[in-house]
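K.L.:
just a sequence and a predicted model for now, questions to come.
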Amino acid sequence: MRNRIIAAAVGLAIVLPILREGGGWVVALVAFVVGVGMDEWAVMVAGEGEGVPARRLRARLVLIPMGVLAFWWVAVGAKGSALPPEALLLAIVGVGFLVPMFAEPDVRRAGDEAVKNVAGLVYVPLLLATLIPIRAREDGLWMMAFLLAATWLGDTGAYFAGRFFGRHKLFPRISPNKTVEGAIGGLVVSAFGSAAIARASGLPFTVLEAVLLAAVLDVAGIVGDLAESMLKRAWGVKDSGWIMPGHGGILDRIDSLLFTAPLLWAWLALR
């Protein structure tokens, strides 16, 4: 618990000033997160058993530069570029498949690695790229505060509600520690905490709209958390990384955000 609180406080002390600054600082921050996330994904791709160091190195050489490039191209580079959007998809699929095809002698492992490569290059960089247009809005700083509150207040509320009141398992097949009571507690904290931020900051939401949107984002965050738990359980991984004591890795911290950010971005675009 102590390490968890300290890590969260240090993370917020770094992230909040950068979010306030906006512009290229936010692009650089998210690019860094993408790079670390792809490094953690590479560890999961490599798996266990014979030849792990070589597989990890190969996965890192593919995933880290390709992931950062994919994020940058979607977030910034595509504007005014002559390259069609399909060029990025071709590069992701081509590199993700061709490297293990020629470098991994075990055909089953090569196929598994290829699919994981392509999935990772979509899952982390492309979903996180939706943070950039959200922050670029005129009210982007407060919209980011709303998003992070809806995502992480729900996570925090669920943790404490589940710890003190949890009795009924939410989805034990995938995440045995999550409870229905924790999910309800997180939903309440997320909805009303985020709505308070929206109203205090003058975001263009009615109170009811802010509460409902935050509740939907909280549910999306739970699904995102369960999605990563499913992958880790399927691939025999306990934590995706170690960079945040008490929280695991970067992917363990942003798994909910990977689902809530695209949802908010889509909602704002269609509104």
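P.N.:
In hand now; what should we look at? Numbers count the residues shown, from 1 in each chain.
K.L.:
use CA for all of it now, contacts and neighbours both
P.N.:
Will do.
K.L.:
how is this structure partitioned into domains?
P.N.:
What the record gives for the chain is the domain set 1-129, 138-271, from automatic domain parsing.
K.L.:
send me stretch 185-204 as CSV with only the CA atoms.
P.N.:
Taking C-alpha atoms only, stretch 185-204 is exported to CSV below (Å, rounded to 0.1, in the frame of the first residue of the first chain):
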residue,chain,number,x,y,z
GLY,A,185,-17.8,1.5,-5.3
GLY,A,186,-15.5,2.6,-8.1
LEU,A,187,-18.4,3.5,-10.3
VAL,A,188,-19.9,5.8,-7.6
VAL,A,189,-16.6,7.5,-6.9
SER,A,190,-15.7,7.9,-10.6
ALA,A,191,-19.1,9.2,-11.6
PHE,A,192,-19.5,11.9,-8.9
GLY,A,193,-15.8,12.8,-8.6
SER,A,194,-15.5,13.4,-12.3
ALA,A,195,-18.9,15.2,-12.5
ALA,A,196,-17.6,17.6,-9.7
ILE,A,197,-14.5,18.3,-11.8
ALA,A,198,-16.6,18.9,-14.9
ARG,A,199,-18.9,21.3,-13.2
ALA,A,200,-16.2,23.2,-11.4
SER,A,201,-14.1,23.6,-14.6
GLY,A,202,-17.0,24.7,-16.8
LEU,A,203,-16.8,21.7,-19.2
PRO,A,204,-19.7,21.7,-21.7
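K.L.:
list the buried residues in it.
P.N.:
If you call a residue buried by 16 or more other C-alpha atoms under 10 Å, then stretch 185-204 has these buried ones: 185-195, 197-198, 203.
K.L.:
out of everything not next to it in sequence, what's closest to residue 128?
P.N.:
residue 258 (6.0 Å; C-alpha to C-alpha, 6 or more residues apart in numbering).
K.L.:
picking that back up, take the domains of the chain and lay them out in CSV including mean pLDDT.
P.N.:
Formatted as CSV, the domains of the chain follow (pLDDT from 0 to 100):
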stretch, mean pLDDT
domain 1-129, 85
domain 138-271, 87
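K.L.:
so which of the ones you listed is the most packed in?
P.N.:
Among these, domain 138-271 has the highest mean neighbour count (mean count of other C-alpha atoms under 10 Å), at a mean of 19.
K.L.:
and that one, how far apart are its ends?
P.N.:
Start-to-end span of domain 138-271 (C-alpha to C-alpha, to the nearest Å) is 15 Å.
K.L.:
how far does that domain sit from its chain's centre?
P.N.:
Remark: domain 138-271 is offset 11 Å from the chain centroid, using C-alpha atoms, centre = their mean, to the nearest Å.
K.L.:
before we move on, what about stretch 127-136?
P.N.:
12 Å.
K.L.:
other residues contacting that stretch?
P.N.:
Here stretch 127-136 makes contact (C-alpha atoms under 8 Å, 6 or more residues apart in numbering) with 19, 22-23, 26-27, 30, 34, 71-72, 74-75, 140-141, 143-144, 257-259, 261-262, 265.
K.L.:
format the CA atom coordinates belonging to it as CSV.
P.N.:
Taking Å, rounded to 0.1, in the frame of the first residue of the first chain, the C-alpha atoms of stretch 127-136 are listed here in CSV:
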residue,chain,number,x,y,z
LEU,A,127,-5.2,3.7,-28.6
LEU,A,128,-3.0,6.1,-26.7
ALA,A,129,-2.8,8.4,-29.7
THR,A,130,-6.3,9.5,-29.0
LEU,A,131,-5.0,11.4,-25.9
ILE,A,132,-3.4,14.0,-28.2
PRO,A,133,-6.6,15.4,-29.9
ILE,A,134,-8.3,15.4,-26.5
ARG,A,135,-5.5,17.6,-24.9
ALA,A,136,-5.4,19.8,-28.1
